[in-house]
Every structure is written in C-alpha cells, then in structure tokens.
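Novice: The following comprises the amino acid sequence and a computationally predicted model.
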Amino acid sequence: MDTITIPFLEGINQHTTIEELLATTAPLAANELREVPWAAFPYRPSVHFKIAHTAVGVLLLYEVREKHVKAVYRNTNDPVYKDSCVEFFLSFDGTNYYNLEFNCLGTGLIGYGPAQRMERKRLPEATIERVKTYSSISSRPTDSGDTEWRLLLHIPYTVFEADAIDSLAGMRCTGNFYKCGDDLPEPHYVAWNPIDYPTPNFHLPQYFGELVFQ
C-alpha cells in the first residue's frame, strides 16, 4: 500500500480566489500516476497531482498531458468518466467512500457508499456544485503532439455530507487517484495505488492507499 502525507495550508477560506489557490499549490510536491493495472489498456498519459487540506476543504490540482482530449459532458452528474477525466476516491471508514470524478472542463460527478453498485448513490447536484473548479487547456500541442491541461479543485468539507467532516487534521484515511477516458480513441485507466483485478474497475477500496493528513 502506498502512503502519501498531505500538508495543511493556512490562510485559505471559501473566499480565497482561484489565482491565490493556484499560487499556494506551486511549492507542493507533485505525485505521479504510474500504475497501468490492465494490459489490454496500455496507454499511460502523463498525470501528476498535488494535494493539501485547508481550514475549509481539500485542495487538489491535476496536471495532465495526453494524446487526445475529449470534453462532451457539461451537466453535473453526467458520465464524465467517458471524457478526459481525473478522479479522487476517499474513504473515512475503509468501507464507504466518495468517488469524485471531473472531466477537463470541471464538470463533476460525485457518489457515495460501499463498493456494491446498487448501494451507492449520487450526491445532489447542489452539493457537487459547491466544489470550486478551475480548468485550463493549452491551445498549443507539445513537441510530441500531446495536449496539456490542468484542473484545480477546492472541495469543501460540506461535500462529505455523510461524515460531518469539519477538519482532516491528524486523520488517516484511505483513497486512490485516477485518470481515465472511456470514450477516447485510446481508452485508458491509470492509478496512483496498484490494483490487482482482472477487468477495469476503480471501485475497489481494498486497493486504496493510505492518506495521512498533517
């Protein structure tokens, strides 16, 4: 099991601007998504993330470079995993977890519950739309022809409505970070913590890594 230590950033609240949030992420350590769990889907785009927690939520920045970028879905709780999509799964009890999924435009889908599909539920649109998002997509391809994009999320604790969280300081949780694109020309499934399962499936909390909040 991989472990990541997540720092606390002071001086951030619900009124902090996107520009200020981006500036605070600059010195944070970048973590790479290196795991390609399924041989049938070998493509691995370049994906790094930075994460911290604040007095009011979780700050998460994804930086992506990939061959193809797709952004079809615009409505909250649409199937954004079919687009160029990044995901963050987080569990406070080791059984139930939140799946936070956002495409490169910042369109979000969030669910909660155990791994059994029939027992999971989508969060209300109003709850999901509390997440502050900022996305940017480069208009110029890299030398290799890839497109670069990044997505910043400031996820307020009120989104974790089943757990009444108001601080993560000192907590040890489990979770995983992903990149996917089911409907892209090269579908792919990339993860931070290793997964050992025969077919693509991110809803496997037994393969979550450890998240230690300072």
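Specialist: In hand now; what should we look at?
Novice: Which residues are in contact with residue 182?
Specialist: Neighbouring residues of residue 182 by CB atoms under 8 Å, 6 or more residues apart in numbering: 81-82. (Each C-beta comes from the backbone N, C-alpha and C, glycine too.)
Novice: cool, residue 155 as well?
Specialist: If a contact means CB under 8 Å, 6+ apart, then residue 155 has 57-60, 100, 131 as its contacts.
Novice: and the two most separated of these?
Specialist: In the contacts of residue 155, two members sit farther apart than any others by CB to CB. They are 59 and 100, at 12.8 Å.
Novice: what do these two both touch?
Specialist: A shared contact of residue 59 and residue 100, defined by CB under 8 Å, 6+ apart, is any residue touching both; here these are 153, 155.
Novice: any idea how far residue 109 is from residue 121?
Specialist: With distances taken as CB to CB, to the nearest Å, residue 109 is found 12 Å from residue 121.
Novice: Looking only at neighbour counts, state which of the two leads.
Specialist: Comparing residue 109 with residue 121 by neighbour count (other CB atoms under 10 Å), the higher total belongs to residue 109, at 22 against 10.
Novice: Let me know the secondary structure of that one.
Specialist: The assignment at residue 109 comes out as strand when based on DSSP: H, G, I helix; E, B strand; the rest coil.
Novice: which one of the contacts of residue 155 is nearest residue 187?
Specialist: The shortest separation between residue 187 and any of those is 20.6 Å, and it belongs to residue 100 (by CB to CB).
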